[in-house]
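**Student:** predicted model and sequence below, questions to follow.
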Amino acid sequence: MSAAPSVTWTFTRIKLSLLRNGLRQSSGRTAAFITSIVLVLLFGTAQLLGLIVLRGSEHAGAVVVPLAALLALGWAVMPLFFPGGDETLDPTRLVMLPLRARRLMPALLTASLIGIGPLFTVLIAFGAVLAVAHGAVGTAVAVVAMPLLVLVCIALARATATANVRLLTSRRGRDLALLSGLVIAVGIQVLNLGVQRLGDEGGLSALEPVAGVLAWLPPASAVASVQSASDGAYGLAAAQLALSGAALTALLRWWHGSLERLMTSPDASTVQSAAAPEKARRRADGTGLARFLPQDRTGAVMLRVLRYAWRDPKTRVGWASSLGVGLMLPVVFAAQGNGSAYNACWVAGLLGIQMYNQFGQDYSGFWLVASTISSARDAYAELRGRMLAITLVAVPYVTVVVVAYSGFLGQWDKIPEVLGLALGLLGALLATGVFTSYRFPYSIPQDSGHKNVAPGQGSLAYLSIFGGMAAGVLLCAPLVALTVWLHVSGGHTWLWTVLPAGLLYGLAVPSLALRGASPRVAARLPEILTAVSRG
């Protein structure tokens, strides 16, 4: 009787088959895969050579230990943002196989070592231990530390993906994937600030305190153990290596538990919730946010807009980008030495443009909205509800950012004038957003994860956004002129008046825009519906 084939070898062949069959789908995919391999090899080899050059430097450990921690962090979060990057990361496809988790784990772990990401990780791990390994003992520890670092990274990705697989394969998982661009952009900016800080504080020596802390956090502790062994601190090296080994054991146990639960428990989406009738009743009674909104068309529109912002992937990304980038930009300016309380006005500008292309965000569903608008009064209520929904989030957020940022810079005396300018700018952009929404509407395709404008409407989008922003800035000219005049004329004691002036201005301009735009929206409903339904 022949022996049963090895599960690990079977899964390895499956992974290779998936790669091979994926490349056969199109020549473009093959070219992209080959290009990715070449770029990873070039970049990874360059990093490897750079780490080899660092060998012998007194600050080598200060570089490779944080690098190992950053590598592990990347492996931990990548499955959350790119769940479709590796088909074998979804263990729900294996639940019907007569295999226990203990047999699946070695096979899945081995299959995870095949790919572009693992290749890059091996190059970085090899360079990291090579940069700090000296002497026979240090080299011996490096032989253990390098595969341990790689295994912890792979196991971390596996455990994270398995524990969140229900989320990653759901609509919320796809929302996370759309947010990946924002997270990566913020991460790159933080990394850029870190590099600038190194140049300002005397080079690599500034990393020593960070490396000292990360040396006791797995899997960076595996790399730190190599340096400790090379320096003759054998007890310290053993403790740091043991920490990474314990982390690998804990990750495997977590992964095993998640895999067991996943393969033995039913999918919650197929099991009717006992609380569903009660939830439906509470929703019908208008509990939650609906209780605090007006009980008319304006309140219904506000609730719909806020639900879109929470549930619709592209709308959520737009809101998250405005909130996140609006908060990040002032911090970046402060870190670069260009801190000014006026930089907080960025958040008002980014939140104000949420009013732009309001009807395009409804896509083809706008016909339902259009069917309920029969007069300028209905159009006024519709636009007012959309504007108030944005204001409900924007005004408190802008206020908090302005006050917190001004306090952080120690410029407390500038809070009234900056807050007045920010609220005035917000109101001006809301007003121009009303105009551009009905005058230059464009479609936002819902079946594409990366296209935010339908083909042929790019010029409309640019004209709507940039033209509206320019008009909004011009509308703020009276407030800016008042602030400048008070500074130039020496009337600093009257700068507090910019706050009430900005508040009144931010209320008056959108109100006038609503009254002027409502009849035109009611008259242009067919044209708006045609424009937002393309794509």
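**Tutor:** Now that the structure is in, tell me what you want to look at. Numbering: from 1, shown residues only.
**Student:** helix or strand next in line after the helix or strand of the chain with the lowest mean pLDDT, which one?
**Tutor:** When the helices and strands of the chain are compared on mean pLDDT, DSSP states H and E, helix 276-284 comes out lowest with a mean of 50. As assigned by DSSP states H and E, the chain's next helix or strand after helix 276-284 is helix 297-311.
**Student:** may I see the buried residues of the following helix or strand past that following helix?
**Tutor:** Helices and strands here follow DSSP H and E; after helix 297-311, the next one along the chain is helix 313-335. Within helix 313-335, the residues that qualify as buried are 313-333, 335, counting by 16 or more other CB atoms under 10 Å. C-beta here means a position set from N, CA and C on the backbone, and glycine is covered the same way.
**Student:** cool, and stretch 295-308?
**Tutor:** 297-306, 308.
**Student:** cool, and stretch 364-375?
**Tutor:** 366, 369-370, 373.
**Student:** would you list those residues in CSV and tack on secondary structure and pLDDT?
**Tutor:** Formatted as CSV, these follow (DSSP: H, G, I helix; E, B strand; the rest coil; pLDDT from 0 to 100):
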residue, secondary structure, pLDDT
F366, helix, 84
V369, helix, 86
A370, helix, 87
I373, coil, 88
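**Student:** which among these gets closest to P118?
**Tutor:** Of all these, F366 has the smallest distance to P118: 46.8 Å, by CB to CB.
**Student:** now the helices for the stretch 51-200 of the chain?
**Tutor:** For the stretch 51-200 of the chain, applying DSSP state H, counting those that start in this stretch gives helices covering 60-81, 101-112, 116-132, 135-163, 165-168, 171-200.
**Student:** ranking the ones you listed by mean pLDDT, which is last?
**Tutor:** When those are ranked by mean pLDDT, helix 171-200 comes last with a mean of 55.
**Student:** could you identify the helix or strand that succeeds that helix?
**Tutor:** Sequence order places helix 208-214 as the next helix or strand after helix 171-200, per DSSP H and E.
**Student:** list the contacts of the helix or strand that that next one is followed by.
**Tutor:** The helix or strand immediately downstream of helix 208-214 is helix 220-230, counting by DSSP H and E. Residues outside helix 220-230 that contact it (CB atoms under 8 Å, 6 or more residues apart in numbering) are 60-61, 64-66, 68-69, 72, 128-129, 132-135, 137-138, 140-142, 145-146, 148-149, 152, 211, 214-216, 234, 236-241, 243-244.
**Student:** how close does G410 get to G339?
**Tutor:** 10 Å (CB to CB, to the nearest Å).
**Student:** tell me which of the two has more neighbours.
**Tutor:** G339 (18 against 10; other CB atoms under 10 Å).
**Student:** secondary structure class for the more buried one?
**Tutor:** Secondary structure assignment for G339 (DSSP: H, G, I helix; E, B strand; the rest coil): coil.
**Student:** show me the shaky parts of the stretch 301-450 of the chain.
**Tutor:** Across the stretch 301-450 of the chain, the ranges flagged by pLDDT under 70 are 335-336, 446-450.
**Student:** mind listing the helices for it?
**Tutor:** Ranges of helices in the stretch 301-450 of the chain, per DSSP H, counting those that start in this stretch, are 313-335, 345-352, 366-370, 376-409, 415-439.
**Student:** once you drop chain neighbours, what's closest to K314?
**Tutor:** Excluding the flanking residues, the one nearest K314 by CB to CB, 6 or more residues apart in numbering is I444, at 6.3 Å.
**Student:** can you report how many residues lie near the one you found?
**Tutor:** For I444, the neighbour count with other CB under 10 Å is 23.
**Student:** could you do Y380 as well?
**Tutor:** 20.
**Student:** can you list the domains in this protein?
**Tutor:** For the chain, automatic domain parsing gives the domain ranges 7-265, 289-532.
**Student:** quick revisit: got the phi/psi numbers for the residue nearest to K314?
**Tutor:** I444 adopts backbone torsions of phi -110, psi 100, taken as degrees, to the nearest 10.
**Student:** ok, it touching Q457?
**Tutor:** No - with contact defined as CB atoms under 8 Å, I444 does not count as touching Q457 (9.5 Å).
**Student:** pull the residues that contact stretch 410-423.
**Tutor:** Applying CB under 8 Å, 6+ apart, the external contacts of stretch 410-423 come out as 340-342, 344-345, 347-348, 395, 398-399, 402-403, 406, 476, 479-480, 483, 486, 495-496, 498-503, 505-506.
**Student:** filter those to the buried ones?
**Tutor:** Applying 16+ other CB under 10 Å to those flags 340-342, 344-345, 347-348, 395, 398-399, 402-403, 406, 476, 479, 483, 486, 495, 498-499, 501-503, 505-506 as buried.
**Student:** what is the neighbour count of L67?
**Tutor:** By other CB under 10 Å, the residues close to L67 number 22.
**Student:** got a markdown table for the helices of the stretch 301-450 of the chain, with distance to L529 too?
**Tutor:** Compiled in a markdown table, these are given as follows (distance: least, CB to CB, whole Å):
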| stretch | distance to L529 |
| --- | --- |
| helix 313-335 | 19 |
| helix 345-352 | 25 |
| helix 366-370 | 5 |
| helix 376-409 | 13 |
| helix 415-439 | 11 |
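**Student:** what sits against the residue nearest to V347 when sequence neighbours are not counted?
**Tutor:** Of all residues not flanking V347 in the chain, G326 sits nearest, at 3.2 Å (CB to CB, 6+ apart). Contacts for G326 (CB under 8 Å, 6+ apart) come out as 346-351, 397, 401.
**Student:** where's G326 relative to S17, distance?
**Tutor:** Taking CB to CB, one finds G326 at 47 Å from S17.
**Student:** and which of the buried residues of stretch 295-308 is nearest to L259?
**Tutor:** Closest approach to L259 among these (CB to CB): Y308, at 36.4 Å.
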